[in-house]
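Trainee: After the sequence you'll find the predicted model.
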Amino acid sequence: MADENPHLFSTQTTGVTFGQITDNTDFPHTGLIKGLSLMSKGNMAVKGSATDFDITQATTGNVIQVAAGRIFKDNKLTAQVSAADFTSSAFDTTSGNSFYHLLVVQGSDNTLQIRKHGSSTANKVPDYSEGDTIIAVIMFNSTSAALGSMQIQFLTTGKVENSLSVGYDDSGYTEAGSLTGDSNGITMTGLYKLDTLPTATVATNDKIIIQDTDDSDIIKTVLVSALSGYTDADAVSAVEAVTGTLALTGDVTIATGKSLTIGGGIRVDGDINHDGSSVGFYNTTPASKQTVGNLTPTAVNPDLPANPSGAEHASTAAAVSALETKLNALIDALQLIGLIS
């Protein structure tokens, strides 16, 4: 059977279910101290899955076969450590005594390695290398723990989550905030109240924190100057990109000397208040308001005699002429602004 990692500091054994380290069976040795020392700096095995770093033994060939797993190095989760196999040459198999080895994840390349003494040294745990993370102690004894049944002592953890508490002394530990994580991301509590922060003068080289959705939601910073580069053309492009209804909830002002061009139809549901000095319709050059005075009232005798006098003819002709003049002036004014042609 495989020696299954119990995800804790285990008893030293093989071929059974591993329990916790036991008094009068597992005596203190430097392997334990070395494992705790590395954990104090943030180097430890964590529980990425139930089978992380399980060990299978054989008497020949790959005598130790280690499953893949996950570790913290300097309190940072590394990429998954790949499975690895080791032949008997990786171990001190001298007869007559017990020889100890360290199964570690090497810090320089995140690979599984076996640490042993440079020369045959019985009953002593070898040194680890800087950056190592210890997974287990492996003991060979030609009589009681030969190849295929070497004794294993796991120095791992069942750690499956990690949070951070930030506190201060107020007659004892008082938490000010925390960082926790779940499937939705990171939650921060206890952030400093914004209304108590000092007011800052923003400079172009100041930085603003953003969440980059194009880069796995990594938190980054961006210069204020990069954000201030938003131009009128950018605003126009944003409006042009709207495919549905553009709902404007406030007033829109077009600066003096600027034009608003509408390619489609326009509908006005309210009053039109034109304050300009000129107007033009149907692609006619805008023109100013034209003046067409009122007709002067003229007395006309509705009951002319059968043979009107010259004066009566002249009076009627003058009234008709005045009407023609005003009508032509009105037509000219409407044609000038393009309402008629």
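Mentor: Looks like it came in fine. Residues are numbered from 1 along each chain as shown.
Trainee: And the worst-scoring helix or strand of the chain on mean pLDDT, what does it pack against?
Mentor: Every helix and strand of the chain was ranked by mean pLDDT, DSSP states H and E. The lowest is helix 224-227, at a mean of 70. Counting contacts by 3 or more C-beta pairs under 8 Å, 6 or more residues apart in numbering; DSSP states H and E, helix 224-227 packs against strand 207-212. For glycine as for every other residue, the C-beta is placed from the backbone atoms N, C-alpha and C.
Trainee: Walking through the stretch 51-200 of the chain, point out its strands one by one.
Mentor: For the stretch 51-200 of the chain, the strands defined by DSSP state E, counting those that start in this stretch occupy 55-57, 62-66, 70-73, 76-77, 84-87, 98-106, 111-115, 133-141, 151-154, 164-169, 173-182, 185-189.
Trainee: which helix is the longest one in the protein?
Mentor: When the chain is parsed with DSSP state H, its longest helix is helix 310-336.
Trainee: Show me how far that one is from its chain's centre.
Mentor: Between the centre of helix 310-336 and the centre of its host chain there is 77 Å, according to C-alpha atoms, centre = their mean, to the nearest Å.
Trainee: picking up where we left off before, turn the strands of the stretch 51-200 of the chain into JSON lines, columns for mean pLDDT and distance to residue 35.
Mentor: Formatted as JSON lines, the strands of the stretch 51-200 of the chain follow (pLDDT from 0 to 100; distance: least, C-beta to C-beta, whole Å):
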{"stretch": "strand 55-57", "mean pLDDT": "98", "distance to residue 35": "16"}
{"stretch": "strand 62-66", "mean pLDDT": "98", "distance to residue 35": "16"}
{"stretch": "strand 70-73", "mean pLDDT": "98", "distance to residue 35": "12"}
{"stretch": "strand 76-77", "mean pLDDT": "96", "distance to residue 35": "19"}
{"stretch": "strand 84-87", "mean pLDDT": "98", "distance to residue 35": "19"}
{"stretch": "strand 98-106", "mean pLDDT": "98", "distance to residue 35": "9"}
{"stretch": "strand 111-115", "mean pLDDT": "98", "distance to residue 35": "12"}
{"stretch": "strand 133-141", "mean pLDDT": "98", "distance to residue 35": "5"}
{"stretch": "strand 151-154", "mean pLDDT": "98", "distance to residue 35": "9"}
{"stretch": "strand 164-169", "mean pLDDT": "95", "distance to residue 35": "23"}
{"stretch": "strand 173-182", "mean pLDDT": "93", "distance to residue 35": "26"}
{"stretch": "strand 185-189", "mean pLDDT": "86", "distance to residue 35": "30"}
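Trainee: For residue 244, find the nearest of those.
Mentor: Across these, residue 244 has its closest neighbour in strand 185-189 (30.5 Å, C-beta to C-beta).
Trainee: which strands and helices sit next to that closest one?
Mentor: Right, strand 185-189 is packed against strand 173-182 by 3+ C-beta pairs under 8 Å, 6+ apart.
Trainee: give me that answer again for 10 Å
Mentor: strand 164-169, strand 173-182 (3 or more C-beta pairs under 10 Å, 6 or more residues apart in numbering; DSSP states H and E).
Trainee: Good, we can wrap up now.
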